[in-house]
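Asks: The sequence and its predicted three-dimensional model are supplied below.
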Amino acid sequence: MRRFNERHVFSNLLAAGELGVDIIESAADRLAHFHRCTPRSPPRRAYGLADQVQTQVHAILAALDRESAETVAAEVRAWCGLEFARLAEHIDARCAQGFVRECHGDLHLENVVLAGRNVLMFDCIEFSEALRWIDVISDLAFLYMDLHAHDRPDLGTRLLNRWLRATGDFAGLRAIRLYIVYRALVRALVETLKARNAEGADGRTRASRYLQWALEAVRERQPCLLLCHGYSGSGKSAASAALAPLIGAIRPSSDIERKRPAPFAPLLERALSRDAYLPEAVDFQYATLLSLTHQVLEAGYCALVDASFLHHEHRSRFAALARSMQLPLVILDFRAAPSCLQRRVRERSMGAYQPSDANETVLARQLENADPLTREELSSTVVFATDVPIASFEEPAYWKPLLARLHRAGGLHDEREETQW
């Protein structure tokens, strides 16, 4: 058996400040591929059903009551009960739809390693089929939770967005917070047992951190709806990809979703036919994006929708969704000079494959036919000039006008990020 370098375990990389974006996105891609290919016929029908998951959560809570000197917050216990009542039908439907699969089951930072250029997940649950045959979103939630508990919500958001890009499983988001809390309680119990056996105060501190994160996760935060707006080549995709981890947003993308045949199906890596860009096909694509956005907002996340939104009809449907859910709406108007737009589109079409099919002909049509933002829309718009170095998009200072607006509206999901600007 070949041993790996302990320094390259994700928990150690994180502690050393070496767990970067590229590594996290590789982990998300690897996990998505695993979830796509792993067996999906549970040996027992009960695996992954709401009653089974609720029994598992109750067992963890009972063990914490016995073993931990720190009490699990009553708010967490009550919330779990309410969530199981609210989500039981959804969880069971996910099982019937084939999303309960043979997963890793124990996917925290100490069980993932960088081996050369590859990300490997090890020490999966072997002693219990019931803990291994779970919803794929529950498997993902473990690593997502652990990044948050270690004060790296930006990496957690990148992990989640990349996994969603690879799988399209936005429907799974509805129960992700429940699984996040469950996973935090599991790690709290593990650290409590470690502290009792050998590790003393450090283990108790780690257990307390997980219990505190469980409490933070159950507390509602108001989501918000952010719509990108701009021509092809305006930089909206690069800019929004950088913005999402700064504010904890989930980012559905029109370029990606129009090339996804179904959740977990591989994306089409070729240009679509002209029929895909006829008005009725574009309307259908925006309807799909609207449905995904609704799922994101219902799950309690800010939705950052990466599409051109050049026609008032499409923008108005999303504005109606925000009104119906009583959520703040902000339009992000990304602007660049026409010469810059043309240069970017031309260079992109001549380079390596990109999800966007837009070329100079498409850009010319957009410039000719776009509906200008209305006076009402302009009141909800923040303008960003994108004729800047691409690294600027990673800086909170670039987004300061938006961050200030979201802060006032209560739409920032991560207090750690609020202090950075």
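Replies: That came through fine. Numbering: from 1, shown residues only.

Asks: Residue ranges of each domain in the protein, please.
Replies: Domain assignment for the chain, taken from automatic domain parsing, gives 6-218, 225-418.

Asks: what residues does whichever strand or helix holds residue 80 touch?
Replies: Taking DSSP states H and E as the definition, residue 80 sits inside helix 74-96. With C-beta atoms under 8 Å, 6 or more residues apart in numbering as the test, helix 74-96 has contacts from 42, 47-51, 53-54, 57, 61, 100, 135, 137, 171-172, 174-175, 177-178, 181-182, 185, 211, 214-215, 218-219. Glycine gets a C-beta too; all of them are placed from N, C-alpha and C.

Asks: Inside helices: which ones of these?
Replies: Using DSSP state H, 50-51, 53-54, 57, 61, 137, 177-178, 181-182, 185, 211, 214-215, 218 are the members of the contacts of helix 74-96 that sit in helices.

Asks: Looking at those, spot the one nearest residue 342.
Replies: residue 137 (41.5 Å; C-beta to C-beta).

Asks: Pretty sure residue 357 sits against residue 272.
Replies: Yes. Counting by C-beta atoms under 8 Å, residue 357 does reach residue 272; the two are 5.9 Å apart.

Asks: Looking at those two, which is more packed in?
Replies: With neighbours defined as other C-beta atoms under 10 Å, residue 357 and residue 272 compare such that residue 357 has more, 19 against 12.

Asks: residue contacts, that one?
Replies: Counting by C-beta under 8 Å, 6+ apart, residue 357 touches 255, 271, 272, 276, 277.

Asks: and if you look at residue 281?
Replies: residue 275.

Asks: Where does it fall, secondary structure wise?
Replies: Following DSSP H and E, one finds residue 281 within helix 279-298.

Asks: coming back round to it: list the buried residues for the helix holding residue 80?
Replies: Going by neighbour count (16 or more other C-beta atoms under 10 Å), the buried part of helix 74-96 is 76, 79, 80, 83, 84, 87, 88, 91, 92, 94, 95.

Asks: Also stretch 399-406?
Replies: Across stretch 399-406, burial judged by 16+ other C-beta under 10 Å covers 399, 402, 403, 405, 406.

Asks: Restricted to helices, list the residues you listed.
Replies: Applying DSSP H to the buried residues of stretch 399-406, the entries found in helices are 402, 403, 405, 406.

Asks: ok, for the first one, nearest residue in space, not its chain neighbours?
Replies: Same thing as residue 402. Counting by C-beta to C-beta, 6 or more residues apart in numbering, the nearest residue to residue 402 once its immediate chain neighbours are dropped is residue 382, at 4.9 Å.

Asks: Parallel or antiparallel, which strands does the helix or strand hosting that neighbour pair with?
Replies: With elements taken from DSSP H and E, the one containing residue 382 is strand 381-385. Sheet partners assigned to strand 381-385 using DSSP bridges are listed as strand 329-335 (parallel).

Asks: ok and the helix or strand following the partner strand relative to strand 329-335, angle-wise?
Replies: Note on strand 329-335: by DSSP H and E, the next helix or strand toward the C-terminus is helix 338-350. Inter-element angle recorded for helix 338-350 and strand 329-335: 90 degrees (by axes from the mean of the first three to the mean of the last three C-alpha atoms, to 10 degrees).

Asks: if we can go back for a sec, buried ones in the helix holding residue 281?
Replies: Result for helix 279-298 [16+ other C-beta under 10 Å]: buried residues 282, 285, 286, 289, 290, 292, 293, 294, 295, 296, 297.

Asks: Same check on stretch 348-357?
Replies: Here stretch 348-357 shows 348, 355, 356, 357 as buried, counting by 16+ other C-beta under 10 Å.

Asks: any chance of the residues you listed in a markdown table, plus pLDDT and secondary structure?
Replies: Formatted as a markdown table, the buried residues of stretch 348-357 follow (pLDDT from 0 to 100; DSSP: H, G, I helix; E, B strand; the rest coil):
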| residue | pLDDT | secondary structure |
| --- | --- | --- |
| 348 | 85 | helix |
| 355 | 86 | coil |
| 356 | 87 | coil |
| 357 | 84 | coil |
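
Asks: which of the ones in helices among the buried residues of stretch 399-406 lies closest to residue 23?
Replies: Nearest to residue 23, judged by C-beta to C-beta, of those is residue 403 at 26.5 Å.

Asks: any idea how far residue 396 is from the closest one?
Replies: Distance of residue 403 to residue 396, given as C-beta to C-beta, to the nearest Å: 7 Å.
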